[in-house]
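Trainee: okay, here's the prediction I keep looking at, along with the sequence it came from:
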Amino acid sequence: MILFNLLFAATVFFYALGCSYAFRYYKSLEDSLEATATRYLASGALLEGAWIAAKWLSDGYAPLTTIDGILAALSFSLALAMLLGRIKTPVPILTALFLPFIFALGLMALLAGLKPVPLMESRLMTTGMASHIFLTFLGFAHFTLGFGVGVAFWVQEGQLKHHRFKNWSYRLPALEALDRLTVFYIGLGFLFWMAGLWLGAVQAFEVWNRLPLADPKILGSFLVLMIYACFFLLRWGLKMRGRKSMMLVMTGYFLALFTFVGIRVFLTTQHAF
């Protein structure tokens with residue numbers, strides 16, 4: 001137990017170091033600082049992945065039955081998505097902006113791990129259930145970054161239209177590059193989300209012998225998939241670009257966010273989280 005805590009503490013430490021360089025980047029806009037922040041992010045993600053794998057092997061089931069495990073899976077998914085996107089199209093200012101969120105999730109997971117709060121029985125955490133959760137989290141992480149890039153596109157287009165620029169905006173790539181990166185994130189998120197829903201449907205039949213489509217979490221998840229499917233159909237079919245397409249990206253993300261968080265607060269669902 002102590003070794004696991006130390007491993008996760010090291011993860012948060014690397015995320016914290018990455019944040020410190022991200023904040024320094026905000027002031028100077030030196031790319032070398034953002035590159036260092038990214039290296040610390042990658043180191044933290046590697047350790048967090050090792051923590052998840054080690055806990056899984058030790059306990060015999062994925063560490064997703066408690067709040068700290070869920071937060072860790074979210075921070076790891078977001079870190080992985082960010083690293084994939086940076087390989088595709090480096091956008092230093094966006095990397096620096098999102099890194100603190102990863103650190104915050106990791107820190108909350110570390111603190112929650114001091115007194116774990118169970119969310120579901122360990123016997124229900126089968127490999128299929130764990131895969132469903134991880135894939136859904138990866139989909140949500142990519143949607144989150146797609147939303148962030150979409151907002152950057154919206155801001156950059158507005159500045160170009162009104163010829164008003166801020167110093168940090170010069171670090172953003174061209175609109176075409178932001179558009180391609182948004183499609184990259186939403187495309188991967190769509191695939192992960194769809195795979196997660198399929199595995200979730202399989203698990204629903206195994207646990208409940210049916211797929212309760214009336215459940216707001218399940219219904220919301222399918223609606224998210226439909227919105228992003230419309231995004232791609234309108235882009236490829238009607239050649240829709242610019243702010244109109246970004247509106248669909250933002251709508252899909254807010255619905256995904258409500259499905260993840262809001263439904264547990266305002267509605268009733270059969271899901272454990």
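Mentor: Thanks, I have it.

Trainee: where do the strands sit along the stretch 151-273 of the chain?
Mentor: For the stretch 151-273 of the chain, strands defined by DSSP state E, counting those that start in this stretch do not occur.

Trainee: can you give me the helices for it?
Mentor: According to DSSP state H, counting those that start in this stretch, the stretch 151-273 of the chain carries its helices in the segments 175-208, 216-237, 243-257, 263-266.

Trainee: show me the shaky parts of the stretch 51-200 of the chain.
Mentor: Applying pLDDT under 70 to the stretch 51-200 of the chain flags the ranges 158-172.

Trainee: follow-up on the earlier one: can I get the helices of the stretch 151-273 of the chain in a markdown table including mean neighbour count and distance to residue 9?
Mentor: All C-beta atoms are positioned from the backbone trio N, CA, C, and that covers glycine. Below are these laid out as a markdown table (neighbours: other Cβ atoms under 10 Å; distance: least, Cβ to Cβ, whole Å):
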| stretch | mean neighbour count | distance to residue 9 |
| --- | --- | --- |
| helix 175-208 | 18 | 29 |
| helix 216-237 | 17 | 33 |
| helix 243-257 | 19 | 29 |
| helix 263-266 | 12 | 28 |
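
Trainee: turn these into TSV, including distance to residue 100.
Mentor: Listed next are these as TSV, based on distance: least, Cβ to Cβ, whole Å:
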stretch	distance to residue 100
helix 175-208	19
helix 216-237	25
helix 243-257	18
helix 263-266	24
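
Trainee: residue 105 contacts residue 75, doesn't it?
Mentor: Yes - Residue 105 is in contact with residue 75 according to Cβ atoms under 8 Å; the separation is 3.6 Å.

Trainee: so between these two, which is more surrounded?
Mentor: Comparing residue 105 with residue 75 by other Cβ atoms under 10 Å, the one with more neighbours is residue 75, at 28 against 22.

Trainee: now residue 82: how far from residue 122?
Mentor: 30 Å (Cβ to Cβ, to the nearest Å).

Trainee: settle it for me: which of these two has more neighbours?
Mentor: Of the pair residue 82 and residue 122, residue 82 is the one with more neighbours under other Cβ under 10 Å, namely 26 against 14.

Trainee: what's the helix or strand containing that one packed up against?
Mentor: When elements are assigned from DSSP states H and E, residue 82 belongs to helix 67-88. Using 3 or more Cβ pairs under 8 Å, 6 or more residues apart in numbering; DSSP states H and E, the elements in contact with helix 67-88 are helix 31-59, helix 92-112, helix 127-162, helix 175-208.

Trainee: out of the ones you listed, which is closest to residue 252?
Mentor: When the helices and strands packed on helix 67-88 are compared by Cβ to Cβ, helix 127-162 sits nearest residue 252, at 6.7 Å.

Trainee: got the angle between that closest one and helix 175-208?
Mentor: Interaxial angle of helix 127-162 relative to helix 175-208 (axes from the mean of the first three to the mean of the last three Cα atoms, to 10 degrees): 150 degrees.

Trainee: got the angle between helix 127-162 and helix 216-237?
Mentor: 50 degrees.

Trainee: buried stuff in helix 127-162?
Mentor: The neighbour-count check on helix 127-162 (16 or more other Cβ atoms under 10 Å) flags 129-154, 156-157 as buried.
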